[in-house]
Every structure is written in structure tokens, then in C-alpha cells.
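**Q** Need coordinates for the following:
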Amino acid sequence: MRTLIIADIHGNVAPLEKVLKEETYDLLICLGDMVDYGPFPNEVVQIIKENANLCVMGNHDYSVAFDKECPGTTREFKEITYKLREYFSYQIDSENLQFIKSLPYFIEEDIDNSRIFAVHASAKDPLGDYVTFDLGIEFIKEKMIINDNYKKVLYGHTHRSGIIKIGDTEVINPGSLGFPRERHPFPTYGIIENGKFEVKRVSYDREKLLREFKNFRIPDSIITKLLGEE
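**A** Model prediction:
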């Protein structure tokens with residue numbers, strides 16, 4: 001089985017459309033944060049609703065769906081989040097909004113004879129934690145390994161891809177398909193095939209995204225921050 005794993009699309013529909021058009025897969029898992037930052041959240045939610053086999057709720061999904069303060073976000077990005085909501089005045093269809101509200105905080109599933117745990121931020125705090133691979137094995141173990149039966153723990157939130165093995169469990173992050181925070185400018189996603197995880201990059205035409213940013217007069221400072229070009 002070939003499993004496609006995506007996360008943190010954040011209303012940037014173009015790379016999502018390109019991956020789904022060009023990639024081959026048997027199962028699609030979305031690790032949350034379909035909305036905020038980008039100008040096309042409704043389109044992204046619609047695509048995920050129609051195509052994802054499994055999907056969990058992200059912190060931005062939660063905030064938009066339930067009109068709550070956005071958890072698990074730095075002060076700087078929280079300010080950007082709320083400013084962009086004012087600029088864009090997001091309109092999400094009632095059915096798509098209900099889809100977001102119905103999403104679970106985590107999923108446990110058997111895939112290819114392996115027990116998988118999927119979540120947005122961490123197994124300990126599905127919406128609030130921020131766990132990067134440079135924080136050390138003990139910290140990651142505390143936040144991610146809540147059951148030794150899981151062979152793979154899938155999460156997003158950090159917009160940084162990677163994998164680390166702790167005991168018999170692989171902790172996996174596919175990075176962000178919307179606004180990566182890698183050392184390169186390319187959105188990333190993950191593929192699991194024959195038990196092995198691979199990070200893949202996708203290039204896309206950013207003109208549609210940049211045009212919408214300009215149409216809504218988004219400040220250059222925010223655009224630069226989102227695109228990681230500082």
C-alpha cells in the first residue's frame with residue numbers, strides 16, 4: 001500500500017491540487033490545519049473532504065470551526081492569523097464547516113499490519129504542543145509515545161518534515177504542504193510504502209497565491225513571513 005500523508009495546507013490550494021493530480025496513492029491521510037494564512041480555505045476543505053480517507057483536526061481548524069482562540073500558536077503567528085482573517089473575511093460553506101467540526105483530535109488505525117497513531121500537534125496535546133526533532137529524544141518520547149503498540153506516530157503542526165525512531169516506534173512529520181518552514185522553499189508531503197517513509201517536495205506556480213495576497217492588500221511583511229523568505 002502507498003499512503004500519502006499531508007499536513008498544514010493552510011488555504012494554499014495550488015500545491016494540494018498539484019500533489020493530488022500527480023501523485024499515486026492508495027490512502028490519503030491529512031494531519032490537520034486546512035485553514036488560515038492562505039486565501040483559499042474553503043477550496044482546501046472541500047478537496048480534503050472529498051479525497052482524504054482519514055483526517056484529524058488542527059489547531060487552526062479548531063479555532064475557525066468553533067470561533068475560539070487559536071491554541072498552539074506563537075504570539076507572532078497568532079497576530080498574523082487574526083489579521084489575515086480580517087483581510088480575507090473567510091467564507092466557509094456550512095457543510096465544510098460542519099466537516100471541520102466533526103474531525104477527531106486523533107486517529108488510531110491499522111495500516112499495512114502496523115498500528116498507526118495520527119494527530120496534529122502531539123499525542124499528549126493534540127492541538128497545543130510544538131515538537132521539533134531538535135528537542136531531543138526524551139522530550140519527543142514524552143510527547144509522542146503514549147503506547148508502545150504504535151509502530152508509527154504521524155503528526156504535523158511544525159511545518160518541518162522529518163523522522164525519528166524511538167524504540168520500535170517511528171515518529172513522522174511530512175512537513176507543510178502550504179507554508180513550509182524548511183531550509184528550502186518547497187512545500188513537502190510524505191509517502192509511506194512498504195513500511196518506509198519518504199519526504200517529497202513539490203514545486204508549484206505561486207502566482208495565484210501572490211495575486212490573491214496583493215488583491216487583498218496583504219502587507220509584504222506578512223507575505224514574507226508566511227513564505228519563509230526573511
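**Q** For this structure, which segments count as helices?
**A** Under the criterion DSSP state H, the chain carries helices at the ranges 13-22, 41-51, 59-66, 75-88, 94-102, 137-144, 207-215, 220-226.
**Q** Quickly note the distance from the nearest residue to residue 80 once chain neighbours are set aside to residue 101.
**A** Counting by C-beta to C-beta, 6 or more residues apart in numbering, the nearest residue to residue 80 once its immediate chain neighbours are dropped is residue 222, at 5.7 Å. To be clear about C-beta, it is placed using only N, CA and C from the backbone, and glycine gets the same treatment. Computed as C-beta to C-beta, to the nearest Å, the residue 222 to residue 101 distance reads 28 Å.
**Q** who's more crowded, these two?
**A** Counting neighbours by other C-beta atoms under 10 Å for residue 222 and for residue 101 shows that residue 222 has the greater number, 16 against 13.
**Q** you'd agree that one is up against residue 84?
**A** Yes - applying C-beta atoms under 8 Å as the test, residue 222 and residue 84 come out as touching, 7.0 Å apart.
**Q** Quick one: low-confidence residue ranges for this protein.
**A** Residues of the chain meeting the criterion pLDDT under 70: 229-230.
**Q** rewinding a little: most packed of the helices of the chain?
**A** Comparing these by mean neighbour count (mean count of other C-beta atoms under 10 Å), helix 59-66 comes out on top with a mean of 23.
**Q** tell me the angle of it relative to helix 94-102?
**A** For helix 59-66 against helix 94-102, the angle by axes from the mean of the first three to the mean of the last three C-alpha atoms, to 10 degrees is 120 degrees.
**Q** Now do helix 59-66: which elements does it pack against?
**A** Where contact means 3 or more C-beta pairs under 8 Å, 6 or more residues apart in numbering; DSSP states H and E, helix 59-66 is packed against helix 94-102.
**Q** If we use 10 Å, what do you get?
**A** Helices and strands touching helix 59-66, by 3 or more C-beta pairs under 10 Å, 6 or more residues apart in numbering; DSSP states H and E, are helix 41-51, helix 75-88, helix 94-102.
**Q** mind putting these in TSV, distance to residue 160 included?
**A** Formatted as TSV, the entries for those read as follows, by distance: least, C-beta to C-beta, whole Å:
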stretch	distance to residue 160
helix 41-51	20
helix 75-88	14
helix 94-102	24
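**Q** nearest to residue 58, of those?
**A** Of all those, it is helix 94-102 that lies closest to residue 58, at 9.2 Å by C-beta to C-beta.
**Q** Please list the residues outside that closest one that contact it.
**A** Outside of helix 94-102, the residues that reach it under the criterion C-beta atoms under 10 Å, 6 or more residues apart in numbering are 32, 34-35, 41-46, 48-50, 55, 57-58, 60-62, 64-66, 91-93.
**Q** Please name the spatially closest residue to residue 66 (chain neighbours excluded).
**A** Using C-beta to C-beta, 6+ apart and skipping residues adjacent in sequence, the residue nearest residue 66 is residue 101, 7.0 Å away.
**Q** And the one you found, how far from residue 45?
**A** Separation of residue 101 from residue 45 (C-beta to C-beta): 11 Å.
**Q** Likewise for residue 64?
**A** Computed with C-beta to C-beta, the distance linking residue 64 and residue 45 is 9 Å.
**Q** Common neighbours of these two, please.
**A** By the contact definition C-beta under 10 Å, 6+ apart, residue 64 and residue 45 are jointly contacted by 34-35, 92, 97, 100.
**Q** Using a markdown table, lay out those residues together with distance to residue 149.
**A** As requested, the shared contacts of residue 64 and residue 45 are arranged in a markdown table below (distance: C-beta to C-beta, whole Å):
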| residue | distance to residue 149 |
| --- | --- |
| 34 | 29 |
| 35 | 32 |
| 92 | 36 |
| 97 | 35 |
| 100 | 29 |
